[in-house]
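Chemist: next one to model:
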Amino acid sequence: MNVCKTGKLLAGTGLSDITPPPDCTLAGFAARDHRAEGIHDRLTATALALQKDEETAVIVALDLVSLSRNHIDYLLKRLEASYGLKPRQILINCSHTHAGPVTDISEFDLSMNELCPYRGDPDYLDSLGENILKAVAAALDSIEPAVAYWGLGETHIGISRRASNTSLYKGPASGDFGIYANYPNPRMEIDRTCPVMLIRNADGAPRALVFGAPCHPTTMSYDNYLVSAEYPGEARRALKEYYGGIPALFLQGIGGDIKPRQVAGETKFRSGTYDDVALVGKELASDIIRIIDRGLVPLDIRLKSSLKHVPVPLAKGWDERTYRRFNGRKEPEHRRYWANWWLGKIVRGEEIPETVDVTLALMELAPDLRFAGVSGELLTGMGLKIKRHFTTGITLPLGYTNGVVAYIPDSDVLEEGGYEAVESIFFSESMPAPWRKDIDSTILGAFDTLADELE
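Modeler: Next up is the predicted model:
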(Lines give C-alpha, C1' and ligand atoms only; values in the text may rest on other atoms or scores of the structure.)
Protein backbone atom coordinates (compact mmCIF):
# COMPACT_ATOMS: atom_id res chain seq x y z
CA MET A 1 0.00 0.00 0.00
CA ASN A 2 1.40 3.36 -1.02
CA VAL A 3 1.30 6.25 1.43
CA CYS A 4 0.75 9.83 0.30
CA LYS A 5 2.16 12.59 2.50
CA THR A 6 1.52 15.47 0.11
CA GLY A 7 -2.12 16.09 1.01
CA LYS A 8 -3.40 14.67 -2.27
CA LEU A 9 -6.17 12.10 -2.54
CA LEU A 10 -5.25 8.55 -3.48
CA ALA A 11 -7.85 5.95 -4.51
CA GLY A 12 -7.80 2.30 -5.51
CA THR A 13 -10.36 -0.36 -6.34
CA GLY A 14 -10.60 -4.12 -6.09
CA LEU A 15 -13.11 -6.68 -7.32
CA SER A 16 -13.55 -10.40 -6.65
CA ASP A 17 -16.11 -13.08 -7.36
CA ILE A 18 -18.00 -14.39 -4.30
CA THR A 19 -20.56 -16.53 -6.13
CA PRO A 20 -21.51 -19.62 -4.10
CA PRO A 21 -21.96 -23.15 -5.44
CA PRO A 22 -25.10 -23.51 -7.61
CA ASP A 23 -26.71 -25.82 -5.05
CA CYS A 24 -26.13 -23.59 -2.02
CA THR A 25 -28.80 -22.81 0.56
CA LEU A 26 -30.27 -19.40 -0.23
CA ALA A 27 -30.75 -16.79 2.49
CA GLY A 28 -33.52 -14.32 3.17
CA PHE A 29 -36.68 -16.42 3.00
CA ALA A 30 -37.26 -19.18 5.55
CA ALA A 31 -40.13 -20.54 3.42
CA ARG A 32 -37.77 -22.06 0.86
CA ASP A 33 -37.84 -25.86 1.08
CA HIS A 34 -34.88 -26.91 -1.05
CA ARG A 35 -31.48 -25.77 -2.18
CA ALA A 36 -30.66 -23.40 -5.01
CA GLU A 37 -31.20 -24.68 -8.54
CA GLY A 38 -28.46 -22.70 -10.28
CA ILE A 39 -26.85 -19.31 -10.82
CA HIS A 40 -28.62 -16.52 -12.64
CA ASP A 41 -25.84 -13.95 -12.24
CA ARG A 42 -22.55 -13.73 -10.38
CA LEU A 43 -22.05 -12.16 -6.95
CA THR A 44 -19.18 -9.78 -6.29
CA ALA A 45 -17.18 -8.11 -3.55
CA THR A 46 -16.13 -4.62 -4.59
CA ALA A 47 -13.75 -2.47 -2.54
CA LEU A 48 -12.77 1.18 -2.69
CA ALA A 49 -9.73 2.44 -0.78
CA LEU A 50 -9.32 6.16 -0.11
CA GLN A 51 -6.25 7.82 1.39
CA LYS A 52 -5.59 11.43 2.25
CA ASP A 53 -3.11 13.01 4.69
CA GLU A 54 -1.98 9.56 5.89
CA GLU A 55 -5.56 8.60 6.86
CA THR A 56 -7.13 5.64 5.06
CA ALA A 57 -10.73 4.49 4.62
CA VAL A 58 -11.94 1.32 2.93
CA ILE A 59 -15.51 0.78 1.74
CA VAL A 60 -16.54 -2.77 0.83
CA ALA A 61 -19.79 -3.59 -0.99
CA LEU A 62 -20.98 -7.21 -0.96
CA ASP A 63 -23.74 -9.05 -2.86
CA LEU A 64 -24.85 -10.84 0.31
CA VAL A 65 -27.86 -10.81 2.59
CA SER A 66 -25.55 -10.28 5.58
CA LEU A 67 -22.32 -11.20 7.32
CA SER A 68 -22.14 -12.32 10.94
CA ARG A 69 -20.14 -10.50 13.60
CA ASN A 70 -17.68 -13.42 13.61
CA HIS A 71 -17.02 -13.02 9.88
CA ILE A 72 -16.64 -9.26 10.23
CA ASP A 73 -14.20 -9.64 13.13
CA TYR A 74 -12.13 -12.15 11.15
CA LEU A 75 -11.86 -9.79 8.17
CA LEU A 76 -10.96 -6.83 10.38
CA LYS A 77 -8.23 -8.77 12.20
CA ARG A 78 -6.69 -9.91 8.93
CA LEU A 79 -6.70 -6.38 7.52
CA GLU A 80 -5.17 -4.95 10.67
CA ALA A 81 -2.43 -7.59 10.59
CA SER A 82 -1.67 -7.05 6.89
CA TYR A 83 -2.17 -3.31 6.51
CA GLY A 84 -2.36 -1.80 9.99
CA LEU A 85 -5.96 -0.72 9.43
CA LYS A 86 -8.17 -0.17 12.46
CA PRO A 87 -11.80 -1.43 12.48
CA ARG A 88 -13.05 2.17 12.40
CA GLN A 89 -11.42 2.65 9.00
CA ILE A 90 -13.47 -0.05 7.27
CA LEU A 91 -17.15 -0.08 6.27
CA ILE A 92 -18.47 -3.44 5.06
CA ASN A 93 -21.94 -3.02 3.56
CA CYS A 94 -24.17 -5.86 2.32
CA SER A 95 -26.76 -5.24 -0.38
CA HIS A 96 -29.12 -7.68 1.42
CA THR A 97 -30.03 -9.61 -1.71
CA HIS A 98 -32.46 -12.39 -0.82
CA ALA A 99 -31.03 -14.45 -3.67
CA GLY A 100 -27.63 -14.86 -2.06
CA PRO A 101 -26.21 -17.70 0.06
CA VAL A 102 -26.62 -18.36 3.76
CA THR A 103 -23.43 -17.06 5.40
CA ASP A 104 -23.67 -18.65 8.83
CA ILE A 105 -23.16 -22.15 10.19
CA SER A 106 -25.14 -21.75 13.41
CA GLU A 107 -27.17 -24.64 14.82
CA PHE A 108 -30.17 -22.29 14.85
CA ASP A 109 -32.02 -23.59 11.79
CA LEU A 110 -34.53 -21.10 10.40
CA SER A 111 -35.89 -23.55 7.87
CA MET A 112 -37.04 -26.17 10.40
CA ASN A 113 -36.52 -28.52 7.44
CA GLU A 114 -34.31 -31.61 7.80
CA LEU A 115 -33.88 -31.87 4.02
CA CYS A 116 -32.69 -28.28 3.64
CA PRO A 117 -30.96 -27.02 6.80
CA TYR A 118 -30.59 -23.25 6.89
CA ARG A 119 -26.81 -23.27 7.26
CA GLY A 120 -23.92 -22.10 5.19
CA ASP A 121 -21.36 -24.33 3.50
CA PRO A 122 -18.11 -24.17 5.57
CA ASP A 123 -15.92 -24.56 2.46
CA TYR A 124 -17.72 -21.71 0.71
CA LEU A 125 -17.51 -19.53 3.80
CA ASP A 126 -13.75 -20.04 3.98
CA SER A 127 -13.36 -19.03 0.34
CA LEU A 128 -15.77 -16.13 0.84
CA GLY A 129 -13.53 -14.56 3.48
CA GLU A 130 -10.45 -14.97 1.32
CA ASN A 131 -12.15 -13.49 -1.74
CA ILE A 132 -13.38 -10.46 0.20
CA LEU A 133 -9.83 -9.92 1.45
CA LYS A 134 -8.54 -10.20 -2.13
CA ALA A 135 -10.83 -7.35 -3.20
CA VAL A 136 -9.66 -5.15 -0.34
CA ALA A 137 -6.01 -6.01 -0.96
CA ALA A 138 -6.36 -5.12 -4.64
CA ALA A 139 -7.90 -1.78 -3.71
CA LEU A 140 -5.18 -0.93 -1.19
CA ASP A 141 -2.37 -2.05 -3.47
CA SER A 142 -3.61 -0.05 -6.47
CA ILE A 143 -4.12 3.38 -4.97
CA GLU A 144 -3.05 6.26 -7.18
CA PRO A 145 -3.71 10.02 -7.36
CA ALA A 146 -7.39 10.73 -7.80
CA VAL A 147 -10.10 13.37 -7.63
CA ALA A 148 -13.57 12.83 -6.11
CA TYR A 149 -16.91 14.30 -7.14
CA TRP A 150 -20.29 13.78 -5.59
CA GLY A 151 -23.99 14.53 -5.92
CA LEU A 152 -27.30 13.77 -4.25
CA GLY A 153 -30.66 13.00 -5.80
CA GLU A 154 -33.67 10.76 -5.37
CA THR A 155 -34.85 7.36 -6.48
CA HIS A 156 -38.43 6.12 -6.41
CA ILE A 157 -37.77 2.40 -6.80
CA GLY A 158 -39.06 1.66 -3.28
CA ILE A 159 -42.34 1.69 -1.39
CA SER A 160 -43.08 1.14 2.30
CA ARG A 161 -44.13 -2.38 3.21
CA ARG A 162 -45.64 -1.43 6.60
CA ALA A 163 -49.41 -1.24 6.30
CA SER A 164 -51.12 2.14 6.44
CA ASN A 165 -53.82 0.59 8.66
CA THR A 166 -51.75 0.28 11.83
CA SER A 167 -54.53 -1.71 13.49
CA LEU A 168 -53.14 -4.64 11.48
CA TYR A 169 -50.06 -4.47 13.68
CA LYS A 170 -51.77 -4.18 17.06
CA GLY A 171 -52.19 -7.09 19.39
CA PRO A 172 -50.04 -9.52 21.33
CA ALA A 173 -46.97 -11.08 19.79
CA SER A 174 -48.65 -14.47 20.01
CA GLY A 175 -51.37 -13.48 17.57
CA ASP A 176 -51.75 -15.11 14.17
CA PHE A 177 -48.86 -14.31 11.82
CA GLY A 178 -51.32 -12.92 9.26
CA ILE A 179 -51.86 -9.76 11.26
CA TYR A 180 -48.19 -9.00 10.80
CA ALA A 181 -48.18 -9.43 7.02
CA ASN A 182 -46.57 -6.70 4.92
CA TYR A 183 -48.69 -4.55 2.64
CA PRO A 184 -47.83 -1.77 0.16
CA ASN A 185 -48.22 1.64 1.77
CA PRO A 186 -47.63 4.51 -0.67
CA ARG A 187 -48.62 7.07 1.97
CA MET A 188 -45.86 6.18 4.41
CA GLU A 189 -42.86 8.52 4.41
CA ILE A 190 -39.69 6.78 3.26
CA ASP A 191 -36.16 7.84 2.47
CA ARG A 192 -35.54 8.29 -1.25
CA THR A 193 -31.98 9.57 -1.00
CA CYS A 194 -29.73 8.47 -3.82
CA PRO A 195 -26.07 9.42 -3.19
CA VAL A 196 -23.44 9.30 -5.93
CA MET A 197 -19.64 9.58 -5.68
CA LEU A 198 -17.49 9.42 -8.81
CA ILE A 199 -13.73 8.91 -8.54
CA ARG A 200 -11.52 10.00 -11.43
CA ASN A 201 -7.80 9.42 -11.85
CA ALA A 202 -5.25 12.20 -12.33
CA ASP A 203 -5.96 12.23 -16.08
CA GLY A 204 -9.68 12.73 -15.52
CA ALA A 205 -10.74 9.22 -16.56
CA PRO A 206 -13.47 7.58 -14.41
CA ARG A 207 -11.96 5.17 -11.89
CA ALA A 208 -14.85 4.10 -9.64
CA LEU A 209 -18.50 4.84 -8.92
CA VAL A 210 -20.23 4.61 -5.54
CA PHE A 211 -24.02 4.84 -5.38
CA GLY A 212 -26.77 3.89 -2.99
CA ALA A 213 -30.49 3.37 -2.54
CA PRO A 214 -32.84 2.50 0.34
CA CYS A 215 -34.74 -0.62 -0.75
CA HIS A 216 -34.81 -4.36 0.03
CA PRO A 217 -33.53 -6.45 -2.90
CA THR A 218 -36.69 -8.60 -2.73
CA THR A 219 -38.20 -8.04 -6.15
CA MET A 220 -38.52 -11.83 -6.21
CA SER A 221 -39.88 -13.93 -3.37
CA TYR A 222 -39.14 -17.33 -1.85
CA ASP A 223 -40.15 -19.08 -5.09
CA ASN A 224 -36.87 -17.93 -6.67
CA TYR A 225 -34.20 -20.63 -6.42
CA LEU A 226 -31.45 -19.02 -8.48
CA VAL A 227 -28.43 -17.16 -7.10
CA SER A 228 -28.57 -13.48 -8.01
CA ALA A 229 -27.34 -10.05 -6.96
CA GLU A 230 -30.93 -8.89 -7.61
CA TYR A 231 -31.63 -5.29 -8.66
CA PRO A 232 -28.32 -3.86 -7.30
CA GLY A 233 -26.47 -6.17 -9.69
CA GLU A 234 -28.62 -5.07 -12.62
CA ALA A 235 -27.99 -1.41 -11.75
CA ARG A 236 -24.25 -2.02 -11.49
CA ARG A 237 -24.10 -3.72 -14.85
CA ALA A 238 -25.97 -0.88 -16.53
CA LEU A 239 -23.71 1.73 -14.93
CA LYS A 240 -20.50 -0.15 -15.74
CA GLU A 241 -21.58 -0.39 -19.36
CA TYR A 242 -22.46 3.31 -19.46
CA TYR A 243 -19.16 4.37 -17.89
CA GLY A 244 -16.79 2.05 -19.72
CA GLY A 245 -16.52 -0.82 -17.27
CA ILE A 246 -15.37 0.98 -14.10
CA PRO A 247 -16.08 -0.76 -10.76
CA ALA A 248 -19.39 0.27 -9.21
CA LEU A 249 -20.18 -0.12 -5.51
CA PHE A 250 -23.80 -0.33 -4.36
CA LEU A 251 -24.48 0.73 -0.75
CA GLN A 252 -27.74 -0.22 0.96
CA GLY A 253 -29.37 2.60 2.92
CA ILE A 254 -32.55 2.80 5.02
CA GLY A 255 -34.13 -0.24 3.40
CA GLY A 256 -35.35 -2.44 6.26
CA ASP A 257 -39.07 -1.82 5.63
CA ILE A 258 -38.90 -0.84 1.94
CA LYS A 259 -39.69 -3.13 -1.00
CA PRO A 260 -39.44 -2.56 -4.78
CA ARG A 261 -42.42 -0.57 -6.05
CA GLN A 262 -42.35 -2.68 -9.23
CA VAL A 263 -44.06 -5.60 -7.47
CA ALA A 264 -46.56 -3.61 -5.39
CA GLY A 265 -50.26 -3.98 -6.12
CA GLU A 266 -53.06 -2.02 -4.50
CA THR A 267 -53.46 -4.43 -1.60
CA LYS A 268 -50.48 -6.80 -1.69
CA PHE A 269 -47.08 -7.53 -3.17
CA ARG A 270 -46.64 -10.12 -5.89
CA SER A 271 -43.65 -12.32 -6.43
CA GLY A 272 -41.57 -10.73 -9.18
CA THR A 273 -39.62 -12.20 -12.06
CA TYR A 274 -36.15 -11.56 -13.41
CA ASP A 275 -37.77 -9.17 -15.89
CA ASP A 276 -39.01 -7.19 -12.90
CA VAL A 277 -35.53 -7.28 -11.37
CA ALA A 278 -34.08 -5.84 -14.58
CA LEU A 279 -36.65 -3.06 -14.63
CA VAL A 280 -35.90 -2.04 -11.03
CA GLY A 281 -32.15 -2.10 -11.63
CA LYS A 282 -32.37 -0.11 -14.84
CA GLU A 283 -34.61 2.47 -13.18
CA LEU A 284 -32.05 2.93 -10.41
CA ALA A 285 -29.22 3.18 -12.96
CA SER A 286 -31.18 5.85 -14.84
CA ASP A 287 -31.59 7.79 -11.59
CA ILE A 288 -27.81 7.66 -11.03
CA ILE A 289 -27.03 8.75 -14.58
CA ARG A 290 -29.47 11.64 -14.27
CA ILE A 291 -27.78 12.81 -11.06
CA ILE A 292 -24.36 12.65 -12.72
CA ASP A 293 -25.54 14.39 -15.90
CA ARG A 294 -27.08 17.16 -13.80
CA GLY A 295 -23.57 17.86 -12.54
CA LEU A 296 -21.47 16.56 -9.69
CA VAL A 297 -19.42 18.88 -7.49
CA PRO A 298 -15.80 18.39 -6.37
CA LEU A 299 -15.49 16.67 -3.00
CA ASP A 300 -12.57 17.77 -0.85
CA ILE A 301 -12.09 14.48 0.95
CA ARG A 302 -10.81 14.73 4.53
CA LEU A 303 -11.18 11.36 6.20
CA LYS A 304 -12.21 10.74 9.80
CA SER A 305 -13.85 7.67 11.33
CA SER A 306 -15.06 6.13 14.56
CA LEU A 307 -16.74 2.87 15.56
CA LYS A 308 -18.48 1.51 18.63
CA HIS A 309 -20.18 -1.72 19.71
CA VAL A 310 -23.26 -0.46 21.57
CA PRO A 311 -25.14 -2.70 24.05
CA VAL A 312 -28.80 -1.97 23.26
CA PRO A 313 -31.27 -3.02 26.03
CA LEU A 314 -33.99 -5.60 25.39
CA ALA A 315 -37.57 -5.43 26.66
CA LYS A 316 -38.18 -6.63 30.19
CA GLY A 317 -40.51 -9.51 31.06
CA TRP A 318 -39.40 -12.01 28.42
CA ASP A 319 -38.35 -14.95 30.57
CA GLU A 320 -38.75 -18.71 30.99
CA ARG A 321 -42.50 -18.37 31.44
CA THR A 322 -42.69 -16.41 28.18
CA TYR A 323 -40.70 -19.04 26.30
CA ARG A 324 -42.92 -21.83 27.64
CA ARG A 325 -45.98 -19.93 26.44
CA PHE A 326 -44.52 -19.60 22.93
CA ASN A 327 -43.70 -23.29 23.03
CA GLY A 328 -47.40 -24.13 23.23
CA ARG A 329 -49.06 -26.42 20.71
CA LYS A 330 -51.21 -23.65 19.26
CA GLU A 331 -48.18 -21.54 18.33
CA PRO A 332 -46.68 -21.61 14.81
CA GLU A 333 -43.71 -23.91 14.36
CA HIS A 334 -41.14 -21.12 14.02
CA ARG A 335 -42.13 -19.67 17.41
CA ARG A 336 -41.98 -23.06 19.09
CA TYR A 337 -38.52 -23.66 17.64
CA TRP A 338 -37.33 -20.25 18.86
CA ALA A 339 -38.81 -20.81 22.32
CA ASN A 340 -37.09 -24.20 22.59
CA TRP A 341 -33.80 -22.56 21.62
CA TRP A 342 -33.97 -20.24 24.63
CA LEU A 343 -35.43 -22.85 26.97
CA GLY A 344 -32.48 -25.06 26.08
CA LYS A 345 -30.08 -22.32 27.13
CA ILE A 346 -31.88 -21.96 30.46
CA VAL A 347 -31.69 -25.74 31.07
CA ARG A 348 -27.94 -25.65 30.37
CA GLY A 349 -27.52 -22.82 32.85
CA GLU A 350 -26.63 -20.23 30.22
CA GLU A 351 -27.42 -16.60 30.92
CA ILE A 352 -30.11 -14.97 28.78
CA PRO A 353 -28.75 -11.61 27.60
CA GLU A 354 -30.44 -8.38 28.60
CA THR A 355 -28.71 -6.42 25.84
CA VAL A 356 -27.57 -7.12 22.28
CA ASP A 357 -24.62 -5.33 20.73
CA VAL A 358 -25.24 -3.16 17.66
CA THR A 359 -22.17 -1.90 15.81
CA LEU A 360 -22.39 1.77 14.89
CA ALA A 361 -19.86 3.54 12.70
CA LEU A 362 -19.25 7.06 11.45
CA MET A 363 -17.10 7.58 8.38
CA GLU A 364 -16.65 11.24 7.53
CA LEU A 365 -15.62 11.79 3.93
CA ALA A 366 -15.61 15.56 4.38
CA PRO A 367 -16.70 17.88 7.21
CA ASP A 368 -20.15 18.17 5.62
CA LEU A 369 -20.60 14.58 4.39
CA ARG A 370 -20.64 11.35 6.43
CA PHE A 371 -21.80 7.74 6.37
CA ALA A 372 -23.59 6.46 9.49
CA GLY A 373 -23.33 2.67 9.50
CA VAL A 374 -25.64 0.41 11.53
CA SER A 375 -25.24 -3.36 11.88
CA GLY A 376 -28.90 -4.11 11.39
CA GLU A 377 -31.92 -3.83 9.14
CA LEU A 378 -32.45 -0.11 9.52
CA LEU A 379 -36.13 0.84 9.44
CA THR A 380 -37.36 4.13 8.05
CA GLY A 381 -38.29 5.74 11.37
CA MET A 382 -34.92 5.12 13.01
CA GLY A 383 -32.98 5.85 9.83
CA LEU A 384 -34.62 9.24 9.38
CA LYS A 385 -34.04 10.06 13.05
CA ILE A 386 -30.33 9.31 12.63
CA LYS A 387 -30.23 11.34 9.43
CA ARG A 388 -31.88 14.36 11.06
CA HIS A 389 -30.02 14.06 14.34
CA PHE A 390 -26.90 15.56 12.77
CA THR A 391 -27.60 19.27 12.45
CA THR A 392 -24.73 20.10 10.10
CA GLY A 393 -23.81 18.70 6.71
CA ILE A 394 -25.34 15.61 5.11
CA THR A 395 -25.62 12.28 6.90
CA LEU A 396 -26.22 9.10 4.90
CA PRO A 397 -27.41 6.22 7.13
CA LEU A 398 -26.38 2.76 5.89
CA GLY A 399 -28.03 -0.40 7.19
CA TYR A 400 -26.48 -3.87 6.88
CA THR A 401 -23.07 -2.39 7.70
CA ASN A 402 -20.36 -4.25 9.65
CA GLY A 403 -22.79 -7.08 10.37
CA VAL A 404 -26.53 -7.59 10.82
CA VAL A 405 -28.00 -8.45 14.24
CA ALA A 406 -31.72 -7.72 13.79
CA TYR A 407 -34.20 -5.14 12.57
CA ILE A 408 -33.48 -1.70 14.05
CA PRO A 409 -36.84 0.03 14.60
CA ASP A 410 -37.51 3.24 16.48
CA SER A 411 -39.73 3.58 19.53
CA ASP A 412 -42.79 4.36 17.38
CA VAL A 413 -42.53 1.03 15.55
CA LEU A 414 -41.95 -0.80 18.82
CA GLU A 415 -45.14 0.78 20.12
CA GLU A 416 -47.06 -0.30 17.01
CA GLY A 417 -45.75 -3.83 17.03
CA GLY A 418 -45.71 -5.92 13.87
CA TYR A 419 -43.22 -8.08 12.04
CA GLU A 420 -40.16 -5.87 12.31
CA ALA A 421 -40.85 -4.96 15.94
CA VAL A 422 -41.74 -8.37 17.39
CA GLU A 423 -42.40 -11.25 15.02
CA SER A 424 -38.96 -11.10 13.41
CA ILE A 425 -37.24 -12.05 16.69
CA PHE A 426 -38.73 -15.55 16.36
CA PHE A 427 -36.37 -16.08 13.42
CA SER A 428 -33.30 -14.97 15.39
CA GLU A 429 -30.80 -16.84 17.51
CA SER A 430 -29.55 -13.64 19.14
CA MET A 431 -32.80 -11.92 20.18
CA PRO A 432 -34.44 -13.42 23.30
CA ALA A 433 -36.81 -10.43 23.40
CA PRO A 434 -37.74 -7.34 21.38
CA TRP A 435 -35.80 -4.11 21.84
CA ARG A 436 -36.66 -1.89 24.76
CA LYS A 437 -38.72 1.14 23.77
CA ASP A 438 -36.04 3.68 24.64
CA ILE A 439 -33.94 2.44 21.71
CA ASP A 440 -34.00 5.92 20.13
CA SER A 441 -32.03 7.55 22.93
CA THR A 442 -29.56 4.64 23.03
CA ILE A 443 -28.77 4.74 19.31
CA LEU A 444 -28.77 8.52 18.88
CA GLY A 445 -26.75 9.02 22.06
CA ALA A 446 -24.15 6.56 20.79
CA PHE A 447 -23.86 8.47 17.53
CA ASP A 448 -23.24 11.64 19.55
CA THR A 449 -20.35 9.85 21.22
CA LEU A 450 -19.02 8.67 17.86
CA ALA A 451 -19.14 12.21 16.50
CA ASP A 452 -17.08 13.40 19.48
CA GLU A 453 -14.57 10.57 18.91
CA LEU A 454 -13.96 11.11 15.19
CA GLU A 455 -10.28 10.65 14.47
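
Chemist: number of residues surrounding Arg329?
Modeler: Counted with other C-beta atoms under 10 Å, residues neighbouring Arg329 total 5. (C-beta placed from N, C-alpha, C; glycine too.)

Chemist: distance check, it against Pro432.
Modeler: 22 Å (C-beta to C-beta, to the nearest Å).

Chemist: just Lys268 next, same as before
Modeler: Computed with C-beta to C-beta, the distance linking Lys268 and Pro432 is 32 Å.

Chemist: name the nearest residue to the most centrally placed residue in the chain, sequence neighbours excluded.
Modeler: Central residue of the chain (C-alpha atoms, centre = their mean): Tyr400, 2.1 Å from the mean position. For Tyr400, ignoring the flanking residues on the chain, the nearest one in space by C-beta to C-beta, 6 or more residues apart in numbering is Cys94 at 4.3 Å.

Chemist: contacting residues around Asp223?
Modeler: Neighbour list for Asp223: Ser271 [criterion: C-beta atoms under 8 Å, 6 or more residues apart in numbering].

Chemist: beyond the worst-scoring helix or strand of the chain on mean pLDDT, next helix or strand please.
Modeler: Within the chain, confidence by mean pLDDT, DSSP states H and E is lowest for helix 411-416 among all helices and strands, at a mean of 91. Downstream of helix 411-416, the first helix or strand assigned by DSSP states H and E is helix 439-452.

Chemist: quick one: buried residues of that next one?
Modeler: Going by neighbour count (16 or more other C-beta atoms under 10 Å), the buried part of helix 439-452 is Ile439, Asp440, Thr442, Ile443, Leu444, Ala446, Phe447, Leu450, Ala451.

Chemist: same check, this time on stretch 260-271
Modeler: Counting neighbours by 16+ other C-beta under 10 Å, stretch 260-271 gives Pro260, Arg261, Gln262, Val263, Ala264, Phe269 as buried.

Chemist: which strand or helix spans Trp150?
Modeler: Assessed by DSSP H and E, Trp150 sits inside strand 144-154.

Chemist: need the helices for the stretch 1-150 of the chain, in chain order.
Modeler: For the stretch 1-150 of the chain, the helices defined by DSSP state H, counting those that start in this stretch cover 69-83, 122-141.

Chemist: reformat those as TSV; add mean neighbour count.
Modeler: Formatted as TSV, the helices of the stretch 1-150 of the chain follow (neighbours: other C-beta atoms under 10 Å):
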stretch	mean neighbour count
helix 69-83	16
helix 122-141	18
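
Chemist: so for Arg42, which of those sits nearest?
Modeler: When these are compared by C-beta to C-beta, helix 122-141 sits nearest Arg42, at 11.7 Å.

Chemist: show me the contact partners of that closest one.
Modeler: 1, 12-18, 20-21, 24, 45-49, 56, 58, 60, 62, 71, 74-75, 78-79, 82-83, 90, 92, 101, 103, 105.

Chemist: out of the residues you listed, which are buried?
Modeler: Counted by 16+ other C-beta under 10 Å, the contacts of helix 122-141 give 1, 12-16, 18, 20, 24, 45-49, 56, 58, 60, 62, 71, 74-75, 78-79, 83, 90, 92, 101, 103 as buried.

Chemist: give me the buried positions along the strand holding Trp150.
Modeler: Quick answer for strand 144-154 (16+ other C-beta under 10 Å): Ala146, Val147, Ala148, Tyr149, Trp150, Gly151, Gly153.

Chemist: just stretch 283-302 next, same as before
Modeler: By neighbour count on 16+ other C-beta under 10 Å, the buried set for stretch 283-302 is Glu283, Leu284, Ala285, Asp287, Ile288, Ile291, Ile292, Leu296, Leu299, Ile301.

Chemist: helix/strand/coil for the closest residue to the third one other than its chain neighbours?
Modeler: Once flanking residues are discounted, Ala285 sits nearest to Ala238: 3.7 Å by C-beta to C-beta, 6+ apart. When states are read from DSSP: H, G, I helix; E, B strand; the rest coil, the local structure at Ala238 comes out as helix.

Chemist: so Ser375 makes contact with Gly403?
Modeler: Yes: under the criterion of C-beta atoms under 8 Å, Ser375 makes contact with Gly403 at 3.9 Å.

Chemist: who has more neighbours out of those two?
Modeler: A count of neighbours by other C-beta under 10 Å puts Ser375 above the other of Ser375 and Gly403, at 26 against 23.
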